[in-house]
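> Next one to model:
(chains A and B)
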Protein chains: 2
Amino acid sequence: MEVLSLHLGVSHFATPPAATQALQAALSQPNQYGPTEGIAALREAIAQRYQEDEGISVTAEQILITHGTKHALHLYLSCLLTPGAEVIAPAPYWFAFPEIVRLAGGQLVSLPANPAKHYALDVQALRERITPQTRLLLLTNPGNPTGKVYSPEELHAVAQLLEEYPQLHVLSDEIYDGLVFPPAKMRSLLQFEPLRNRIAVVNGFSKSFAMANWRVGYLIAPAPLLQQSTHLQHQLIGGVSPLNQLGAAAAMHNRHALWQSYRQDLLPKRQKVLEAIGQLPNLRANVPDAGYYVTLEIENCLQAANPRSPFQLVEEWAAALKDQQGLEVLPATNMGMPSAVRMSYALPAPELDEALSRLRAFVS
Amino acid sequence: MEVLSLHLGVSHFATPPAATQALQAALSQPNQYGPTEGIAALREAIAQRYQEDEGISVTAEQILITHGTKHALHLYLSCLLTPGAEVIAPAPYWFAFPEIVRLAGGQLVSLPANPAKHYALDVQALRERITPQTRLLLLTNPGNPTGKVYSPEELHAVAQLLEEYPQLHVLSDEIYDGLVFPPAKMRSLLQFEPLRNRIAVVNGFSKSFAMANWRVGYLIAPAPLLQQSTHLQHQLIGGVSPLNQLGAAAAMHNRHALWQSYRQDLLPKRQKVLEAIGQLPNLRANVPDAGYYVTLEIENCLQAANPRSPFQLVEEWAAALKDQQGLEVLPATNMGMPSAVRMSYALPAPELDEALSRLRAFVS
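Here you go, the predicted structure:
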């Protein structure tokens, strides 16, 4: 039986044709290093996107093109954090965050999210975690794996915290922002222009543009941090391939058509997955506002809540699902989600049907 | 007057057609992250190259594909060095070395090279610089900018040092190794197989393959360091775009034809430059064994040696050459070469003629 890999963070969408065409057209360019900060065509395309789509003022000079979003995060954290700094991350967060924070000298402080409250940001609990060592609030919006998009009220509460704590910075990881399903509406944290001297955003082309193999991300950060991050990128690695950047720029210009086509494909699949889960005992899932994951809350499949269960840990449950049914999902324990697994539905319909039937066979 | 940029480290050669064809063929590949360590096709092509060309045994598993050679160096140094470690670098070395070493916690100790001795490795002086803190010997072979290729005797002297000092590692930066002019013969430091547990090599596709804008390099290192470097690359950035790697693999398979064509283009230009310099007062240059730079020794153009000169510093001389004649060359002071400038001759013949005529006008 072939294992179905629903644990992965890549979609089944093909590379945007606009990107491959732009890259092909660029192949005759002379052999030259690109600028460390990124090529103007891409930085301008990104700036234009925020202006056109959200009316947010971002200039090309405020953007650093990086070797993927992970590296954007690394550069920013290396420049912001000093040893012992605390970084509060409301769950869910990408499983690589704790280690990236640690390598930059900081320490990640996790803030749980409550599935029963649709993973709402618990501002009071967040406030209680702020100490004199707290330097950064690290948001994931839309959430991975919850697909939770923060409401205007939640974002305003974050802005309010920034006003109260003058040492606090906020970084928002918005890499799934092109995959939002109405009526949910994504607003970048960059909207709070008067606070932009302490607001940063990382983003990239691997998720919302199906270009995981192109390795292009970006950082938008306050001027001093952007300057330091650019310098560090220059010292340690250099700029991203201009060829790949030209492809990314073309994809960005084509974003509305791409995102519409992704939504058209994903919406019925989301529906199908949620309906299937609704019929299964002991599994719960909220409706994700964005992205291509469903977060299965499996608390009732574990011994603590269900003494008849053979599974103590989420990892054991996931391993059994793989062993018995050939269905691989991702335990979300190291994403700040102690009793959840992540399951992608960005795959061809027949594979998704097969995956759901295996899941059904496993839990029934 | 248009400035002629002979200070740059890129050649006028076009991207290898084999590379662009391979990339185009790969554009329909599915949207997936590549492996952190690099794709098998490229790692195997590199391993094959050492086996076929030099009879050196390198396996694909001993190679990490990196985001350019600079990043290979950063990963390796971050894993090898501890705070306070000393790194001895025989001149010439790439101007970014001191800073990359510092960011990894070490300190670069420069070892001068004597132009009157054709930049021979001064083993005695090297030996005198070894202290209990010395952790690494950082070689540049072929030299940048000297084009010096270390002789078998010099390389054996390095191997001898490794045997004498069990705490010592050696990293050889061999990025110009495809551009060697017979009778000079390049031998990788990897040849010393019994010492390979302390020998590493960094290399890449920007110089010897005219693919500066593809951002592909590699690290060959002892197993524990390679493993740590791979893990660090995974944590901080992820693997290189498989698209770019496929292009690099195709170029590597085509290396003999490429290198022959590069030599055919560069050899008469090297000759022309050396003849021109031979006729100019106060300038000296050795015949470079490799690469596409001539190192102009301008000691006799500076006040210390020539009281009638208006220039105290190499930088002043170079600035005047740019201001007065629109010819930009690179002061090599931060490459461990206190009275030299680097001048590229990898440019179209008419531009090179014009550059030499401007140089003539300036020094005459």
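> Please state the offset of stretch A:62-77 from the chain centre?
In terms of C-alpha atoms, centre = their mean, to the nearest Å, the centre of stretch A:62-77 is set 14 Å apart from its chain centre.
> can you tell if that stretch touches chain B?
Yes - using C-beta under 8 Å from any C-beta of the partner chain, stretch A:62-77 reaches chain B at A:67-68, A:70-71, A:74. The C-beta positions use only the backbone N, C-alpha and C, and glycine is treated the same way.
> ok, those vs B:Glu351, which is closest?
Nearest to B:Glu351 out of the residues of stretch A:62-77 next to chain B is A:His67 (C-beta to C-beta; 32.6 Å).
> For that closest one, give me its contacts.
A:215-217, A:237, A:240, B:67, B:215, B:237-238 (C-beta atoms under 8 Å, 6 or more residues apart in numbering or on different chains).
> can you do 10 Å?
Shown in contact with A:His67 (C-beta atoms under 10 Å, 6 or more residues apart in numbering or on different chains): A:74-75, A:204, A:215-217, A:233, A:237-241, A:244, B:67-68, B:71, B:215, B:236-238, B:240-241.
> ok, longest helix in chain A?
If you go by DSSP state H, chain A has its longest helix at helix A:255-278.
> Going by neighbour count, list what's buried in that helix.
Residues of helix A:255-278 classed as buried: A:255, A:258-259, A:262-263, A:265-266, A:269-270, A:273, A:276-277 (neighbour count, 16 or more other C-beta atoms under 10 Å in any protein chain shown).
> how far away is the closest residue to A:Met337 other than its chain neighbours from A:Ser110?
Spatial nearest neighbour of A:Met337, chain neighbours left out: A:Pro92 (5.2 Å); criterion: C-beta to C-beta, 6 or more residues apart in numbering or on different chains. According to C-beta to C-beta, to the nearest Å, A:Pro92 stands 10 Å off from A:Ser110.
> quick one, which of those two is more surrounded?
It is A:Pro92, of A:Pro92 and A:Ser110, that has more neighbours when counted by other C-beta atoms under 10 Å in any protein chain shown, with 26 against 20.
> Please tell me I have it right and that one contacts A:Arg342.
Yes - the pair A:Pro92 and A:Arg342 passes the contact test of C-beta atoms under 10 Å, sitting 8.6 Å apart.
> Give me the common contacts of those two.
The contact sets of A:Pro92 and A:Arg342 overlap at A:144-147, A:293, A:295, A:332, A:335 (C-beta under 10 Å, 6+ apart).
> out of those, who's nearest chain B?
Distance to chain B across the shared contacts of A:Pro92 and A:Arg342 (C-beta to the nearest C-beta) is lowest for A:Asn144, with 14.9 Å.
> returning to that earlier point: for the longest helix of chain A, name the packing helices and strands.
Identification of packing neighbours for helix A:255-278 by 3 or more C-beta pairs under 10 Å, 6 or more residues apart in numbering or on different chains; DSSP states H and E yields helix A:17-26, helix A:40-54, strand A:293-297, strand A:340-344, helix A:349-363.
> which residues touch the closest residue in space to A:Gln325 that isn't next to it in sequence?
Spatial nearest neighbour of A:Gln325, excluding adjacent residues (C-beta to C-beta, 6+ apart): A:Arg358 at 4.0 Å. For A:Arg358, the contact set (C-beta under 10 Å, 6+ apart) comprises A:1, A:4, A:6, A:321-322, A:324-327.
> And A:Ser57, by the same measure?
Taking C-beta under 10 Å, 6+ apart, we find A:Ser57 in contact with A:47, A:50-51, A:190-191, A:193, A:196.
> Are we agreed that it is in a strand?
No - assigned with DSSP: H, G, I helix; E, B strand; the rest coil, A:Ser57 falls outside any strand and is coil.
> Distance-wise, check it relative to A:Ala47.
Distance from A:Ser57 to A:Ala47, counting by C-beta to C-beta: 9 Å.
> Same check on A:Ala250?
Using C-beta to C-beta, we find A:Ala250 at a distance of 16 Å from A:Ala47.
> if you count what's nearby, which of those two comes out ahead?
Set A:Ala250 next to A:Ala47 and count neighbours by other C-beta under 10 Å: A:Ala250 wins out with 22 against 19.
> Any of the contacts of A:Arg358 buried? List them.
Here, 16+ other C-beta under 10 Å leaves A:4, A:6, A:321-322, A:325, A:327 buried among those.
> In strands, which of those appear?
Using DSSP state E, the members of the buried ones among the contacts of A:Arg358 that fall in strands are A:4, A:327.
> Not counting its neighbours along the chain, what's nearest A:Tyr93?
In space, and not counting its chain neighbours, A:Tyr93 is closest to A:Thr140: 5.0 Å by C-beta to C-beta, 6+ apart.
> Could you check the pLDDT of that neighbour?
As predicted, A:Thr140 sits at a pLDDT of 97.
> can you pull out the helices in chain A?
With DSSP H as the criterion, chain A has helices at A:17-26, A:40-54, A:69-80, A:97-103, A:123-129, A:152-164, A:223-236, A:242-253, A:255-278, A:314-325, A:349-363.
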